[in-house]
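Visitor: I need the structure of the sequence given here:
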Amino acid sequence: MNIKKVGVIGVGTMGQGIAEMLASKGLDVLIIERSEERLTYGRQMIEINLDKQIEKWALTQAEKKLIMSRIEPTHGYDRLRECELVIETVTEDLEAKKTIFEQIDRICGSGVILASNTSTLSLTELASVTKHPDRVIGTHFIYPVSKIDLVEIVRGLKTSEEIFARTKHFVEEVIHKKGIMVFESPGFVTTRLICLLINEALHVLEEGVASAEDIDNAMRVGYSFQHGPFEMCDRFGLDSVLAALERMFREYGELKYRPSIVLKKMVRAGHLGVKSGVGFFKYDKDGDRIE
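Guide: Presented below is the predicted three-dimensional model:
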């Protein structure tokens, strides 16, 4: 089954990036949110991001118009019947995701791939609420989606070989990203490793070894990181990093995953990074660092 139309459930930061990327590859995209307000906001943010690319001469007005014409907001899940692939991108809440998968499993035909962008949750547990657990798979995109050419393709316990092969073909031959096969494990590969790096950087900061700015500079200049661990944390969202660490700490039971108290304090204070305008550094409304 050729994939020509994709449903994206959840139009937060990751959903916006995935929808924009899919449309730029020539695919039709249905975007779904739980409210009209969030749906409108998500579409507006996609348009703002495209405008920023035009300002940098990376895109033309005609290309923007074509991309936006392929992204269609819709309410409810009924029209997902038109899709060959559905990607769920809502917040890392297991019960919320299970509810979504239970509903879309009833609506979508048996040949439709049901994918989740989860970074830490069990695909097997998500699939357990469906009647077709063999077609549930993880497609973990990395932020920013348009710039990072990697997707972790995560197999649950019952994911079929056919669904894995079709998903891998889609990732590598349709949207032209590098797919790596991952067997289900909390944090998979990328989240597990990057969260440990961020957590260790927080411990270095707590101990007074160096400032956040200098730690970031050490990793950017010394190891060619695009962003240092603190700016990465700001861009991922401090609350998202905390949630991932807490889940891995519960699942693995190892102290190395225990979140730094500094991270907890900042999340409690509402300093969530780019999404709130302030984290370890400060950002403007477009997400550009100002301090």
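Visitor: tell me the contacts of His140?
Guide: Going by C-beta atoms under 8 Å, 6 or more residues apart in numbering, His140 touches Asn117, Thr118, Ser119, Val151, Glu152, Val154, Val182, Phe188, Thr190, Thr191. (C-beta placed from N, C-alpha, C; glycine too.)
Visitor: My reading is that it lies in a strand. Confirm?
Guide: Yes: looking at His140 with DSSP: H, G, I helix; E, B strand; the rest coil, it is inside a strand.
Visitor: now, which of the contacts of His140 lie within strands?
Guide: Among those, the ones falling in strands (DSSP state E) are Val151, Glu152, Val154, Val182.
Visitor: thinking Met68 is in contact with Ile48, fair?
Guide: No: the criterion here is C-beta atoms under 8 Å, and Met68 misses it with Ile48 at 11.4 Å.
Visitor: anything in contact with each of these two?
Guide: With C-beta under 8 Å, 6+ apart, Met68 and Ile48 have no common neighbours.
Visitor: you'd agree Lys131 is up against Asp105?
Guide: Yes: counting by C-beta under 8 Å, Asp105 is a contact partner of Lys131 at 5.9 Å.
Visitor: neighbour-wise, which of the two wins?
Guide: Asp105 (20 against 9; other C-beta atoms under 10 Å).
Visitor: what about that one, is that helix, strand or coil?
Guide: Assigned state for Asp105: helix (three-state reduction, three-state DSSP).
Visitor: can you tell me which residues contact it?
Guide: Neighbours of Asp105 in contact, by C-beta under 8 Å, 6+ apart: Leu114, Val129, Thr130, Lys131, His132.
Visitor: on that earlier part again, of the ones in strands among the contacts of His140, which one scores lowest on pLDDT?
Guide: Least confident entry in these, by pLDDT: Val182, with 94.
Visitor: circling back: PyMOL command for the buried members of the contacts of Asp105?
Guide: In PyMOL syntax, the buried subset of the contacts of Asp105 is picked out as below (16 or more other C-beta atoms under 10 Å):
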select buried, resi 114+129+130+132
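Visitor: which one among the contacts of Asp105 gets closest to His227?
Guide: Distance ranking of the contacts of Asp105 against His227, using C-beta to C-beta, places Leu114 first at 32.2 Å.
Visitor: Any idea how many residues pack against the nearest residue to that closest one once chain neighbours are set aside?
Guide: Leaving aside its sequence neighbours, Leu114 sits nearest to Val136 (C-beta to C-beta, 6 or more residues apart in numbering; 5.0 Å). By other C-beta under 10 Å, the residues close to Val136 number 29.
Visitor: May I ask you to confirm that Val136 is in contact with Val112?
Guide: No: Val136 lies out of contact with Val112 (C-beta under 8 Å); the separation is 10.7 Å.
Visitor: re the thing from before, ranking by neighbours, what's the top pick from the contacts of His140?
Guide: Counting by other C-beta under 10 Å, top hit in the contacts of His140: Val154 with 29 neighbours.
Visitor: Quick one: residues contacting it.
Guide: Neighbour list for Val154: Leu123, Ile137, Gly138, Thr139, His140, Val182, Phe183, Glu184, Phe188 [criterion: C-beta under 8 Å, 6+ apart].
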